[in-house]
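1. please find the sequence and the predicted model below.
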Amino acid sequence: HDIECLEVTEDVLHASPEQRQQLLEGKDALMTSLSRLCIGVSTADCIPVLLYDPRHHAKAAIHAGWRGTVSRIVKETFRKMQRRYGTLPEDTLAVIGPGISLKNFEVGQEVYDDFAAHGFDMSRIARRFPCKNDSGQEKWHINLPLCNQLQLESVGVPRSHIQQSGICTYDHDTDFFSARRLGIHSGRIYTAIIGK
């Protein structure tokens, strides 16, 4: 749940399993320009984001939990792709995969305040809904898929190049894993990308 991105190179592929595990530790995003290589992330309510640059055959797979989202992991990963591969926003294609929706991502005031302190437009990304445990009270809910879409738009990726899955893992826990609904030991969804 951070913003560290690992570039997957031939050196990473040829590292020993122990070395590879050490390289992957603490990374919430992967990027590569290696051909025919599949990279991905596992989630269970967090937001998986895939980026593809068809001009440079570069791709990224991003695990955007709320902490990574508030720290703008998607924007930071895109910037790394720009610096490393020359990725242009107008070429970039993005998919925001299944994750928890606005209506189900209930948060405490401290999480709301963290997003506000990091400059998110709270009028766009947050709403108050009746509390799941006490309908007499309201709590803040945050739209993580939209937060990540807005990060892509902020770096110039055209809205028409961003596909939202629109699938809420909490609502569809029989088809997708939801840590909030099924517990942290539920399974995980693997969202992956492979390119030329």
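-> Thanks, I have the structure now. Residues are numbered from 1 along each chain as shown.
2. under the pLDDT cut-off, which ranges of this structure? List them.
-> Across the chain, the ranges flagged by pLDDT under 70 are 1.
3. by contact count, what packs against the helix ranked longest in it?
-> Ordering each helix of the chain by length in residues (DSSP state H) puts helix 73-85 first. The contact analysis (3 or more C-beta pairs under 8 Å, 6 or more residues apart in numbering; DSSP states H and E) places helix 73-85 against strand 5-7, strand 29-32, strand 47-53, strand 58-64, helix 144-154. Using the backbone N, CA and C atoms, a C-beta is placed for each residue, glycine as well.
4. so which of the ones you listed gets nearest Arg128?
-> For Arg128, the closest of the helices and strands packed on helix 73-85 is helix 144-154, at 16.0 Å, according to C-beta to C-beta.
5. can you pull the contacts of the spatially most central residue of the chain?
-> Of all residues in the chain, the one closest to the mean position by C-alpha atoms, centre = their mean is Ala64, 2.9 Å from it. Ala64 sits next to Asp28, Cys46, Ile47, Pro48, Val49, Ile73, Val74, Gly99, Leu144, Asn148 when contact means C-beta atoms under 8 Å, 6 or more residues apart in numbering.
6. hmm, back to that, next secondary structure after the longest helix of the chain?
-> strand 93-96 (DSSP states H and E).
7. wait, doesn't Gly86 sit right on His57?
-> No - contact criterion C-beta atoms under 8 Å: Gly86 and His57 do not qualify, at 11.4 Å.
8. could you check which of those two is surrounded by more residues?
-> His57 (15 against 12; other C-beta atoms under 10 Å).
9. can you tell me how far that one is from Leu37?
-> 10 Å (C-beta to C-beta, to the nearest Å).
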